[in-house]
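K.L.:
No letters, just coordinates:
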């Protein structure tokens with residue numbers, strides 16, 4: 001009966017040669033179908049099982065053909081990983097060079113695209129084919145720090161005889177997958193590799209952390225590009241009637257008008273300008289925008305939304321629901337967006353950026369923060385909000401659901417306007433006193449509806 005899995009990194013840190021011998025015995029016993037005195041780690045044992053089922057030769061180094069240089073360059077130019085090479089280099093390269101490691105970046109197919117690090121280790125890597133254009137999928141070269149993380153979708157460290165193929169037993173590697181933060185799809189893997197005696201227990205944690213930083217950087221780049229596209233598209237959409245949507249080149253939504261907000265629009269593989277057809281919109285017109293596309297549905301303009309429900313009744317479960325001829329949809333709200341929409345609902349006539357800054361921070365000069373947040377709000381409510389000043393469109397009906405106790409109103413909020421309303425409580429309101437202008441229908445539900453009047457009086 002096998003003992004529990006060995007703590008490879010701990011043993012290797014104490015005595016790399018002994019750890020390699022123990023793992024060699026475990027591997028030989030496993031391949032022979034005999035019980036090993038120490039079990040392989042689950043991630044390694046499961047990989048070995050895949051290799052045996054797939055017919056990978058454990059004793060011979062089998063390599064697929066290298067990609068030609070032009071194809072490697074093409075993949076580099078189209079890979080999303082090219083945007084995060086500075087992050088990967090900054091986080092890993094100096095450490096790898098000092099520790100006699102190399103940094104390897106491969107695409108989602110396991111093809112090595114970039115490789116940097118200690119010159120002497122790079123030469124050793126050439127000896128078993130760890131070079132640009134090589135195929136390091138698990139099904140080709142066995143258990144390894146590039147191919148195995150692509151299968152498991154988690155960081156994996158592979159030491160010595162944990163490699164399925166014998167020729168890699170003088171090597172140690174730690175790899176982590178990098179996923180697209182937009183949809184979770186696999187972009188590739190970053191790996192740190194080196195000779196057997198260079199193993200360090202912290203290497204796997206470092207590689208995993210740097211992969212996380214790369215994903216965070218990709219998320220930041222995505223949001224920034226959408227903000228730029230939104231700035232271009234907003235004045236165009238404001239002049240349009242009917243349904244229209246501005247999306248980036250991959251279909252991610254920057255802004256909409258006349259239709260429910262959706263995160264992503266399914267585009268053809270190679271969209272082109274002109275008349276076309278999309279499953280979600282039907283016949284439409286596609287026009288290029290800097291960084292994306294403007295897609296206009298070919299149908300009469302629907303009427304404005306019948307109702308917007310801003311629900312602030314439950315603690316930290318705030319939402320806005322839009323019901324219109326184009327459909328009904330709901331969006332959960334962040335604390336800041338809940339504050340902003342509440343303040344706009346409280347003032348149908350609208351608030352300037354300076355006014356909202358004063359309401360939120362007690363500082364009318366913080367308009368940059370307000371405009372940035374309102375830009376994000378307009379991602380999903382752009383069709384129903386006006387600006388200069390910021391306000392709900394005139395012909396919308398806004399329903400505001402408030403907590404029973406005014407003290408529970410946006411309890412997290414430190415915004416001066418909200419705090420004043422929370423402390424004052426609902427005053428007695430004569431019938432019709434809360435009525436809004438005729439062209440902006442508004443209904444307040446819940447016992448604390450008078451809070452709205454208090455807020456209106458407390459705002460300048």
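P.N.:
Cool, got the structure. As the structure is a computational prediction, the values presented were derived from the model and not from experiment.

K.L.:
what separates the biggest helix by length in the chain from the chain centre, distance-wise?
P.N.:
In the chain, with assignment by DSSP state H, the single longest helix is helix 203-238. How far helix 203-238 lies from its chain's middle: 8 Å, per C-alpha atoms, centre = their mean, to the nearest Å.

K.L.:
what does stretch 29-45 give?
P.N.:
Chain-centre distance of stretch 29-45: 38 Å, with C-alpha atoms, centre = their mean.

K.L.:
now stretch 126-140
P.N.:
30 Å.

K.L.:
now swap in stretch 76-88 and tell me
P.N.:
How far stretch 76-88 lies from its chain's middle: 16 Å, per C-alpha atoms, centre = their mean.

K.L.:
residue contacts, residue 162?
P.N.:
Contact analysis of residue 162 by C-beta atoms under 8 Å, 6 or more residues apart in numbering lists 8, 23, 27, 40, 41, 44, 143. Where you see a C-beta, it was placed from the backbone N, CA and C, and this is true even at glycine.

K.L.:
The helix or strand following the longest helix of the chain vs helix 203-238, what angle?
P.N.:
Sequence order places strand 244-248 as the next helix or strand after helix 203-238, per DSSP states H and E. Following axes from the mean of the first three to the mean of the last three C-alpha atoms, to 10 degrees, one obtains 150 degrees for the angle between strand 244-248 and helix 203-238.

K.L.:
strands paired with strand 244-248, and their directions?
P.N.:
strand 253-257 (antiparallel), strand 292-297 (antiparallel) (DSSP bridges).

K.L.:
quick one, the next helix or strand after the first one and strand 244-248 angle?
P.N.:
Per DSSP H and E, strand 253-257 leads on to strand 274-278 as the next helix or strand towards the C-terminus. Between the direction of strand 274-278 and that of strand 244-248, the angle (the same axes, to 10 degrees) works out to 90 degrees.

K.L.:
Please identify the buried residues of strand 274-278?
P.N.:
Within strand 274-278, the residues scored as buried using 16 or more other C-beta atoms under 10 Å are 276, 278.

K.L.:
Packing partners of that strand?
P.N.:
Where contact means 3 or more C-beta pairs under 8 Å, 6 or more residues apart in numbering; DSSP states H and E, strand 274-278 is packed against strand 282-289.

K.L.:
distance between the strand it packs on and the chain's centre?
P.N.:
Strand 282-289 sits 27 Å away from the centroid of its parent chain (C-alpha atoms, centre = their mean).

K.L.:
and the nearest residue to residue 161 once chain neighbours are set aside, how far is that from residue 45?
P.N.:
Nearest non-adjacent residue to residue 161, counting by C-beta to C-beta, 6 or more residues apart in numbering: residue 23, 3.8 Å away. According to C-beta to C-beta, to the nearest Å, residue 23 stands 12 Å off from residue 45.

K.L.:
Which one's more surrounded, the two?
P.N.:
Legend: neighbour count by other C-beta atoms under 10 Å for residue 23 and residue 45, higher for residue 23 (25 against 17).

K.L.:
in the stretch 1-150 of the chain, which spans are helices?
P.N.:
Counting by DSSP state H, counting those that start in this stretch, one finds helices in the stretch 1-150 of the chain at the ranges 8-14, 16-32, 42-54, 69-78, 85-88, 94-98, 119-127, 138-141, 147-152.

K.L.:
from what I can see residue 332 touches residue 319, true?
P.N.:
Yes - if you go by C-beta atoms under 8 Å, residue 332 and residue 319 touch, sitting 5.2 Å apart.

K.L.:
Mind checking which of the two has more residues around it?
P.N.:
residue 319 (16 against 10).

K.L.:
what bridges to that one?
P.N.:
Counting by DSSP bridges, the residues bridging with residue 319 are residue 311, residue 332.

K.L.:
Give me the pLDDT for it.
P.N.:
What the model reports as pLDDT for residue 319 is 92.

K.L.:
what residues are up against it?
P.N.:
Residues near residue 319 by C-beta under 8 Å, 6+ apart: 310, 311, 330, 331, 332, 333.

K.L.:
what do you get for residue 380?
P.N.:
Residues in contact with residue 380, defined by C-beta under 8 Å, 6+ apart, are 256, 261, 320, 331.

K.L.:
Return the distance of it relative to residue 225.
P.N.:
18 Å.

K.L.:
swap in residue 122?
P.N.:
Taking C-beta to C-beta, one finds residue 122 at 35 Å from residue 225.
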